[in-house]
Structures are given as C-alpha cells and as structure tokens.
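Chemist: pasting the structure only:
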C-alpha cells in the first residue's frame, strides 16, 4: 500500500513545475495535529499557485490517468473500495446521492383492517415503513399524486398474525409479510354495496406482478427477522401494506443505504527516526497497531509505519507533549477516499454505486444543458 | 499500556499496605435491600399503616361510648375497630374493589371501617345488653400498597392481574377516580422549647403544645429586661413572675433557685421580680385575681368555669398544655417554666444558645396517616354527637312505637363524606383545633414516572410562599442525607418545597409509657424528688423525653450509651433517638412521630461492624436489611442524634473517634436528582433545573399506561434506558420506565439555527423514530338520567345510504367514525368537527314522566363533536363504558395523536440544559465521522462555558465508552471512590482501546463540502429527554376573531383564539419611535373602534337617531352641536361607567 501512496504523490505533479514541498503537503494532505486538523480544504482555484508558476487547474487527462477505483471488500450487503484521484466534492456528491437521491421501494401506505396489539396503528405503520424491501426499484415507476396504484408502481404486502395460544407471546417479524402479486385484497366497503359489477379494491392491477418476467421465479421479499410487533394472547394484526417508490430525501425509509461514508486515506509519517525504547513505546501507544518494530542489522530497533490504513485518528501517538507531535505526523490524503457503502438489501452495493454515478451524470448533463 | 497499568496497581497496593488493617466492605447492597424492605414511599405507607392498625383503635377507645342523655341506661360502646378489605356494597352485593377499577370507574378506593359494638336496648322497665359485630360505620379511603390495600405484598404477576404497575410506588389514594397524594407537611416540632428572636429583636422562648385535647402556643418573651408570658387567652403580656405565683410559687427565692443560683441569671430575673413586687402581688390568690383581670373577654360571657375561676383552668389546661397537671400539682409546670427561663437567659448571655428554626432537627414532618387520623378523630366525634342528638330526639318523643336500636343510628355518611371531601378538595377543617388548611392534597402527577415518584416524596412548607425570607429557603447543613439538596422548585417556592432523600425514613409515634419507665430504671432521678436547687447543679444532665422533663441523671453519657445499646439489641424501638446536648446539659430522648432519620452503619472505634460475611449473607439472600438492624450492625439516627455521632463518609476515612459510617454517599440525593449522571461535577443550579425538568420529560408512565384513562397522557414511542446510568436509576426503576433516548450529540456550531441553546436535529433520525411521541387526551360523555325518569339516548348514526323524507341526512359525513351503537369506534381516524357520540337528550327533563314513553320528536340532538386543531390527524385509541357514581352510563374516549419532533419542540439533557429544536437538517448535510457515524443532533458549544455542566461532558464520554465496549457505565453521585461511577481516566482508556481519542473528540467530515472539519468535534451519546412543551400546543395567530362582550376588544389567550396584545412596553417603544399611525391602528382600528356622537356644547356622549339620521345629545335634547368621532369602545365604556358614579367626564373637541 505504501508504494501506492508514493506513486499517487508522484503523479500529482507531472509535467508541471513542482510546488515547494511544504505547499505541496498542504495542498494534498490534511494535517491532523493534536489540537485541530489543518489544511482541510482543497485548493480549487486554477491560478492559486500562479505566482509560483504552478498551474493548479484540473486537466481531464490527468484525471483519467490518476483516477482509479479499487475494491477492497465486497459482499451482497456492503462494500469498501478506494477511490483515488477525485476531489472531496465529487466523493461527497456520490455519498449524498447514495443517501438521499437513489430511489427504493418502501411501504408508504398501510391499510389496517384489525389491530388489537399494543402497538398503535401509526407506530406500526412507521415500523413497517422502515423495513427494507428486497426489490429492484428500477422496475417500478413513481406513484404520482393523481395516479392510481397499479402493478407498475405499487407492491402490496399482507400481514395477518394472531396469537392464538393462551399464555403465549407471539413475535410478528417481517417474515410474516406476504407479497400479494395480484394487488390489494381489501374491498372498498362503501362502493361494494352499490356497484354489483366488480368489487373495487385499493389498487387497480391490470395483471398479476408474478406474471411479469422480472418476478416470475423471484418473488418479492423483505428483509427477514425484523420484529414488527409482539402479540399477547388473542391479539391480532391484519393489514395490507402498499410499498411505493421514493427517495431518501423525502423520508429516510427510502434511503437505499443503511449508511454510506468515506474517509480519506490515512498517512502516518515518522518525521524522525524512532528507535529503541521510544519505538517500543510508540508501538504500544497505538491501539490500532499502526506501528511495527523493525530490527536493524546492528541490533537496534526502529519503529516503522506498518499499517497506516488502520489509523483511526485517536491521536494517542501524539498525545504526550509536543515532542511526539514533532516525531509523528498524522495526515490524510485529500484525493484518496476509502468509501464504504452499507446497503439495506434492496440492491447490492456495487449496483447502488453505479446508479449513484448515473444520477450524478444526469445532474451534470442537466447543468451543461442548462448552461448551453 | 501494560506498564502503566502495573504501575497504577502498585500505587494502590502501596496505599493499602500503609493503611491500618481494615478492608472496606462494599455496603452498597444495603441500599437496594433497604428500598426493598422500606420502599421509596415507605414513610407514607408506614404512617398510614400506623393509623390503620394503632391510631384508629386509640381514637375509638378514647371515645368509645355513646350514651343517651335522656336515658343514660341506653348506650352504645365500641369494643373494637378495624379496617376491612376494600369492597363496595352495591345493592346488597359486596364487590371487591381494586385500585385500577376505581380509577377507571371514578370510584373511591375505600374499605369499610368495621366496629364491634355492645349496646343496650329497652326502656324504663328492662334493658337488654346486645352485641353486634362488624358494623360498618364509615368507608375509609385506602392508601395504595398499605396494609389494608389489596396490593399489599403482591408479587409482579398478581399486580399485573389487578391491572397495576409493579413499579408504581403507591402511597396515594384514589378518590372518585383521581389519584390524590397527601403532601408531606413540614412543621415546627411540637412540645419543644424553641428560643428565637421576634421581629423587634426580643428573645423569646416558645412552646407549641399539642395534646389529644388541646393545641396551644405559649410564648415567654423578654421585653425591656423583663419577662412576660404571651398566651392567646390573655389580652396583654403577663409578667412571668405573676404566672409563677399563680401556680403556687409564691417565694421569689424558690424561682431563683430553680433557674440556678448563678448571679448572672438572678440579675436577669431581678427586674421581673421587682415588677411583680411593684404590682404588689405576693400571693397565689392575688396573682390569680390579676390574671382574671387580664383575660380576653369571651364572646359568650357568663361561662361559669366552676369555683376555681377561668385563669386557673387556663393555666392548667392551656398554658404549656403538654405538661400535664395531675391532682393540681403545678410543680412540673413551674419547673418547665424555669427551664424555659433559664434557656432564654442562656441565649441572652450567649447568642450561640439560640435555637435555629430552620434546623431540621427542630422540624417534624406530618404524613398522611397523622393527617387522616386528625380528620378521622374529628369526624368520629361529630358522628358520636350526631348519633347522640338523634337518639335524644327520638327518645324525647313521647309516642314511640318501637324500641330504639342505637346501633341502627350509627350512620356512616358523616365520616365517609368528610374523608372523601377532605381528600378530594385538600381542605383540612378541624374545628376543634381551629385548623383550616388548604391544598393538603394534590392530584398525583402522572406526566412521567419520575414525576410521580418526586411528587410522593415532596414536602410542603409550613410558611406561605409569598414571604420574602431567606433563612428557611437556604440549604441547611442538617439537611444532609435527609432532604435532597438539589430538588426544589425555582421561583417563589424555592427552598421551601423540599424533597426527601433516597434513604430517609419518617418516624411514627411510639408508645411512651414503657420508655419513661425504662428511663427511671436506668437511673433517672424523678423530678418530683428534686428540689429546685438541684435542677441545674453541674455534672448532672436533665433528661427530656419528647419535650417533657423526666428528671436528672448524674452520668448522662453512660445513660445515653445504655439506651443506645438497648436500641441496638432491639429492646426499644429502632427509631427512638437519644441525644446528649452538652451545651444545654440535657439528654433528649425522642420517640415521637414525624422525625426524619436515616440508617447508618455502626462503627466501633472506627471499624465498621459490617464485615464481608454479612454482605455475603445479604447477597445470598440469607439476611435482610432488618437482620442488619436486629443484629445492631445498622441503626437509624435522627437529625439530633447525628450531632452525637462522628460519621465517616467511607470506611477508609474512619478514625478511632468515628462512630458511624455512611452506607452510600449518593443517598443524600432524592429520586429526581438521582437520575443525573455525575451530578457532583455540575454547577449546583443545573442539578436543580434538571430536577424540575425530569418531571416534564415524556416517556413511559407505568406498565399499565395503556390501561389508564388519564385526562392527558404523554408517551414516547421508543423510550430507551440511559446508556449512562446511576445506581438510583436502577433502584427506582427508571431503567425500566425510561423517559428519553440516547442521542448521538455533536457539540459544534452548525447553520446558525443553534443560537440560544437551540439544537439542530437530523431529519433521518426523526424519520427513524427519534423523539416521536404520543399525546392522548380524554374526552368523556355521560348518558344522563333525569328526574322525570327520562334519560339520554345514543342512536345509530345516519349513514350515507339512509334516506328519510328530506333525503340524504347531511350529517352522515361527520358521523362516519361511529359504530352502529352510536359511539366512535377505536382505531378510527377522527377529524375536527367529527361526532364521537351520537347522543340525544329529552327536551323535557323536569316534572312528571310522560305517559307512553317518548317519541323521537321529544329528543333534541346533543352530539359531542371533536374539536382538535385542523390538520392534526388524531385517532380514537380506546373507548370505555362504565357507570359513574350516580349509576349513569359514562363513556370515555382516549384520543391519540402521534407527533414527530418539529421546529420549536423542547428537548433537554439530564443536566438542566434545555433547548428547542432550531432546525431540522437532512442527514446528508450532517457531518459524519471516520466510522460513518452521523450525529442525531447538534448542540452549540456555547452551552457549556456559562453553565459549567461538566457532568454532561462526562456523560458523553461515558456513553461513548459504553457503546464501544458494550457495558452500561455508571455515574452515580460521588460514586468514584466506591466504584459506582466510572472515572474519567478509565473511560478515556476504554475509548482509546476502541480507537477513539481519549478526549472524546472525533475527526469529522462536513456533509456539505465533503472536506474534513477544521476542528475535532466532541461527539458521543447523551441521554436526551423530550419535554412536554411542544409548539403544536402553543402556536397561535389570529386575524380577526372573537371579541369580549364588555369592552369589544379581542379576547385573550390561545384557548379563546385571542389576539396578541400590544402591551404597555410595546406601546412605549412605538411612541418613542414615533410610529403614530401604527399605534393608532393597533390600539384602535384593530382593537375596538367605535363611532360616538359627541355634543360640542355639553361635552357628553349622545346617540344616533336612525329615523332622523342625526346624532342627538340626550342632555341638551337636541342635535345641534353633534360631532361624530371615533373612540375606542373601552374609552366610551369608561366615560359611561364614570357617569354612573356621578363623575362627568366632558369631551372638549377642537379642530385638528
């Protein structure tokens, strides 16, 4: 990893007269001092260093050469990857889109037929809303205000639980939510009396969702084992939940990620040689085991930075007085992001990221088209 | 790190080695044991139990006979009295009552008072003696969880079956469905000499005597070097020497001897003696005659008091009533006066001898049992005289058909109603003692669980709150461990209303006779056998028992030690206090009720009697707290006896002089202050603020909260247990009935909407349920029955498809939520103007019943509609049907509204740091940490420097360490040395171990720019409370709207949709600014403009004649000089009101 860092540093100043090292350091690194981090901002202005003859403008070629993404860890629920060579604003834009603007399906409307549990109707509905639904939201449309709910914009679930055993408690979990591919089963009561033709329900599906190719062999489910309510003897919940498409901006339940964040790549530099007892002490100080002891040929021991990535910035190593702060310099690389996405389960994290990139692209295009 | 830890271990070891050999035993476990045995409101329960088991029997025994004055052979004698089980007799069927049932059906939770009587029946010829058992004479309201209550000694399951919350403390009453607490009343102690100065700076000695028969206040005052007696019955001050003479102490020498032969005392008495001599009073007879002349004239004169005269009887029965005169022996009373005089003189010679009225040892707490017994005694006597009167009435009639059965006359309504009225209004009226006290009971605060507990331990002051005095409000050193130093309200009642500390116990009365006998056995020389001279001889102490002088003892310390030894082995009651007052040369023994005391561990020469094996036994359940008491390991000390003790805070601090060791220091705080983590790190007013605010926090009220029908109920949807707990929290059950949530707080400035303590909230957190609350309001309706036999009726509502002659019923839409029975269905969403009960009332409700029943046309609709705010979606939560006390059907609706926090809602941490929600920000705009943690709310750092709530910072650190390592951290008050609070060092170590900075500050990225913030941010979880003040209940605006009839100005207050007043100060601003048109608009046009006709000739107001279309002056009788002008209606009203008082305001008009 350390090679990789030096490479990144070297890349920063290709074909350009180089900035003096102290300025270069401030341009590319956040310096995490004991009292406060400094040089946290990025220098955006192209002519910021013009007086030194350094061009600070962003060149597309440079970007293309420098930009890289490397996946460190991936599972169906979360991933961590390195994104190198972008400005924090870009990384942050992606993070914000992931949190707030990527659509998912979530339960929005709950029709309660019966609820004798201790959980109040609104609270129950709120809890249901927060259950992640494992379905690709791209297959659905938004339900606008004057739309009727149909198979293209609504997913209907049914929940009917009852604790029938005396002296027992029943825990209703999200497993009990059953998908109704044919739409709502509840009849609109007032209408049903007059019109004899066709009983009207709360949705108007033209076809069953499970006949659609996407869901044929792949029924829609929700995240399992989430407790919805606990029922005592004789208590019953009967309801229908309608999930629609939405974005996290409106309500956190539509956020496709549990959370999503990045951190800048930690860089730990020993500004002077630390040897012997001090090296031992340094190694001991760090709870994240960043430092290692290196045996030198002449039997001396020297501290080295073995795992800078593990640094959590607890600042233990620079806590005891100024001299330690002089010896150890904690930094963050400003254009290297360790990005983590924790999906709620609707879409795999890598898909979420690409979707987010698409949205960002859309936004950029809109800006461009508006400007031109 | 390892090295460091080793070193610190070595430190501890070294200290241990240096210390004398005594291992500190963790005595904390005693606190939960104490609370298990005694409970949080044990004072109330003990007091009520004492009344129910002992006091009531005493009262009845003292007044056990009703004898007819017409026929003295007819009598009723009460043999026994007891309180039965809480039941209710309904039309002959006896039904068990449970508190929950009473709450729901608006009944009084009461039990019958049963007596066994023996009575005679018959007439002149022969009388037969009859007996009757279990006669109900009254229904006594029962304190919950007392020994008469059905909840007594019930376990959790049984309580649940009765619909009761196991964590509920009890100690209150249920009167007509409302829960009533009798507040603890603070009073100056009775029957004790108190030396004080009055307003003029004169030194006086006062005794408030209280016996079963009378209450009186005797004051001896030193005025201009002479001593006088002040007594209500005398119109003027009486020279004290005359009083002495009247009591038979004719020789001045004897008085001087009694006071003590020290020339300083005699010199002080000289003037008084001279005054007496100058009035030429030398004999008892002369003195009594003098007193007779000074008596206040009674309104009903000619009250013959027998041959001895009124002055004598007053001296005997009223003057120092607590000192009994037996067989006309006034000597004890004389000695008592002498002691009073001596104490006064001591105070004159030495200001230190003055008593402090605010000293807790001079105070007594009157609890519900005592107050009820006072009331019961009075009512019982009233009943007896009533029965007697009735019996005499019947007997005095010549023509009697049947023999009088006295036992049938034992009416139960007087006592029942008297008790019920007193408890529900809080007015205690006892005619005998001329006692009229108001506000003794209060409706139990059920806003939060802690509020309830705090309410039951509250002490109501003796003084009125308006007095601007600082003394009683100040924190008293003697309050230590007895009364909470933090929990007092702000404002006018500050320092006067107090709260009990966690381990305080309030004593009940104890039998005096055996104790007095014991004292004599232990070598007290009887007062009767002493000469006046011997009274104050040095090297011997006066023994004063409950304010009564018993005699002298030559070896007081030995006497006190023996008494204490006897108490420790359980031969005398554990609450008897023995106090050797070296200054006054007295030993005070007290066994009276109302003293505050607390348990302490006994130490012998500084070594605790509690050893490891004792505590082990406690933990294993082999011992209880009572065993500790019985074995003399622990004892109760009252405030006075604490003066004889040297109490070490911790075992390691004990010196050989130490006599006691505290059980746990945090018990000096009360329940409310006990919730605060690290209160000892906070500025003290902050803890006081939190005590007031904890009572407004929303959360869980009780386990049965959803079964209750309170008028207003605030609940939190997802209450949590605080991450940073204290021992008190665990002891009180706050961890089970929390009132707040653990919010991740970042202390930083953000957005500018966080000034003045406002907080910025994360919208996603709110979406996920943070701070969500439920507000429930009760609406009720009664299906009234009327005197003519008619009653209301509830009808099936009209539906959309129902058509009558007029077509569709227009009301169907408002009645959609009604079931077919005409009552709103639970679970329905109710909107403003929806009908929740479709009720109709008969038009004619008086007179004779109509024959053939009522037709539909005889009813008028009296539907009840829901009046909520527009846009609020409320739900009918529950509907109960029950019968009320008049056996009408009463229907109650709980209407629920779920609210998520909005801008303006009030939140607070547990450190008196309240703030409103300033703005709500999207999560993506919020900062996030390296680990992806995003705060729930942001608090401005300016909240810290001036408030100095360091405890809050430690809470944050401890909470953060707690979530990292998965262990609840503790922050009990003063808990660091005993391990009940985590040390900051240890917390920091934990934080470091989990990769956080030791100081709790994290590296945060801005959510807006994506760049790191230029400071490390102090971030971690803090327990936040949502307070009941929400904007939704407060926001108000109005354009035009209702006006007051009288002045035609806009109404006042939100409830009446009133206007916002431009007050005097606002007006001043506008005047100063010169905005005249604005003033004109606000004060006239938008308020009460009125057109008047003014007569320019006479300056009076005229009227407008609409026929002639001119203004006419009614005094000039013409319309010649009429001008029309605008005036505020209130001004016109003022003019007319002045006219009605014969003042003529005239208006002089000029052209503008």
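Modeler: Happy to help now that I have it. Being a predicted model, the structure only gives us computed values, none of them experimental.

Chemist: Give me the domain ranges for chain B.
Modeler: Taking automatic domain parsing as the reference, chain B has its domains at B:39-186+B:365-394+B:405-444, B:199-354, B:505-668, B:673-703+B:718-769+B:902-1026, B:774-800+B:810-899, B:1036-1079, B:1088-1152.

Chemist: which of these is buried the deepest?
Modeler: Relative to the other members of the domains of chain B, domain B:673-703+B:718-769+B:902-1026 carries the highest mean neighbour count by mean count of other C-beta atoms under 10 Å in any protein chain shown, namely a mean of 22. Bear in mind the C-beta positions are built from the backbone N, C-alpha and C, glycine included.

Chemist: is any part of that one close to chain A?
Modeler: Yes. Using C-beta under 8 Å from any C-beta of the partner chain, domain B:673-703+B:718-769+B:902-1026 reaches chain A at B:763-764, B:767-769, B:922-924, B:928-932, B:934, B:991-998, B:1002-1003, B:1005, B:1007-1016.

Chemist: quick one on the thing from earlier: and the domains of chain B, which one is worst for confidence?
Modeler: For those, mean pLDDT drops lowest on domain B:199-354, to a mean of 82.

Chemist: Now do the contacts for the closest residue to chain A within chain B.
Modeler: Here the residue of chain B nearest chain A is residue B:1010; by C-beta to the nearest C-beta that distance is 2.6 Å. Applying C-beta atoms under 8 Å, 6 or more residues apart in numbering or on different chains to residue B:1010 gives the contacts A:88, A:89, A:91, A:92, A:93, A:95.

Chemist: name the element the residue nearest to it when sequence neighbours are not counted belongs to?
Modeler: If you skip the residues right next to it in sequence, residue B:1010 has residue A:92 as its closest partner in space, 2.6 Å away by C-beta to C-beta, 6 or more residues apart in numbering or on different chains. Assignment of secondary structure by DSSP states H and E places residue A:92 within helix A:88-100.

Chemist: residues making contact with that helix?
Modeler: Identification of contacts with helix A:88-100 by C-beta under 8 Å, 6+ apart yields A:42, A:83, A:247-249, A:255-257, A:259-262, A:264, A:334-335, A:337, A:339, A:341, A:352-353, A:356-357, A:359-360, B:922-924, B:1005, B:1007-1011.

Chemist: For PyMOL, what selects the buried ones among those residues?
Modeler: What follows is the PyMOL syntax selecting those of the contacts of helix A:88-100 that are buried according to 16 or more other C-beta atoms under 10 Å in any protein chain shown:
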select buried, (chain A and resi 42+83+247+248+249+255+256+257+259+260+261+262+264+334+335+337+339+341+352+353+356+359+360) or (chain B and resi 922+923+924+1005+1007+1008+1010+1011)
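
Chemist: Pick out the residue of the stretch 101-250 of chain A closest to chain B.
Modeler: With C-beta to the nearest C-beta, the shortest gap between the stretch 101-250 of chain A and chain B falls at residue A:122, namely 4.2 Å.

Chemist: before we move on, what about chain A?
Modeler: residue A:92 (2.6 Å).

Chemist: Endpoint to endpoint, stretch B:211-228 covers what distance?
Modeler: In stretch B:211-228, first residue to last residue: 24 Å (C-alpha to C-alpha, to the nearest Å).

Chemist: Now do the contacts for residue 117.
Modeler: If you meant another chain, say so; for now it's chain A. Here residue A:117 is in contact with A:124, A:229, A:230, A:231, A:232, A:235, A:236, A:237 (C-beta under 8 Å, 6+ apart).

Chemist: try again with chain B
Modeler: B:76, B:77, B:78, B:79, B:131, B:132, B:133, B:135, B:407, B:410.

Chemist: Next up, identify which helix or strand it is on.
Modeler: Remark: residue B:117 resides in strand B:110-122, with elements defined by DSSP H and E.

Chemist: how far out from the middle of the chain is the very next helix or strand once past that strand?
Modeler: Proceeding N to C from strand B:110-122, the next assigned helix or strand is strand B:127-141, under DSSP H and E. In terms of C-alpha atoms, centre = their mean, to the nearest Å, the gap separating the centre of strand B:127-141 from the centre of its chain is 36 Å.

Chemist: Domain-wise, how is chain A divided?
Modeler: According to automatic domain parsing, the ranges for chain A are A:2-100+A:260-338, A:104-254.

Chemist: Distance-wise, check residue B:538 relative to residue B:334.
Modeler: Here the distance between residue B:538 and residue B:334 works out to 22 Å (C-beta to C-beta, to the nearest Å).

Chemist: ditto for residue A:110
Modeler: Between residue A:110 and residue B:334 the distance, using C-beta to C-beta, works out to 86 Å.

Chemist: what about the helices in the stretch 351-500 of chain B?
Modeler: With DSSP state H, counting those that start in this stretch as the definition, the stretch 351-500 of chain B shows helices at residue ranges B:368-396, B:413-425, B:449-456.

Chemist: I figured residue B:1130 hits residue B:1088, correct?
Modeler: Yes. Using C-beta atoms under 8 Å, residue B:1130 and residue B:1088 qualify as a contacting pair, with a distance of 5.8 Å.

Chemist: Point to the residue nearest the middle of chain A.
Modeler: Centroid-nearest residue in chain A, with C-alpha atoms, centre = their mean: residue A:260, separated by 2.3 Å.
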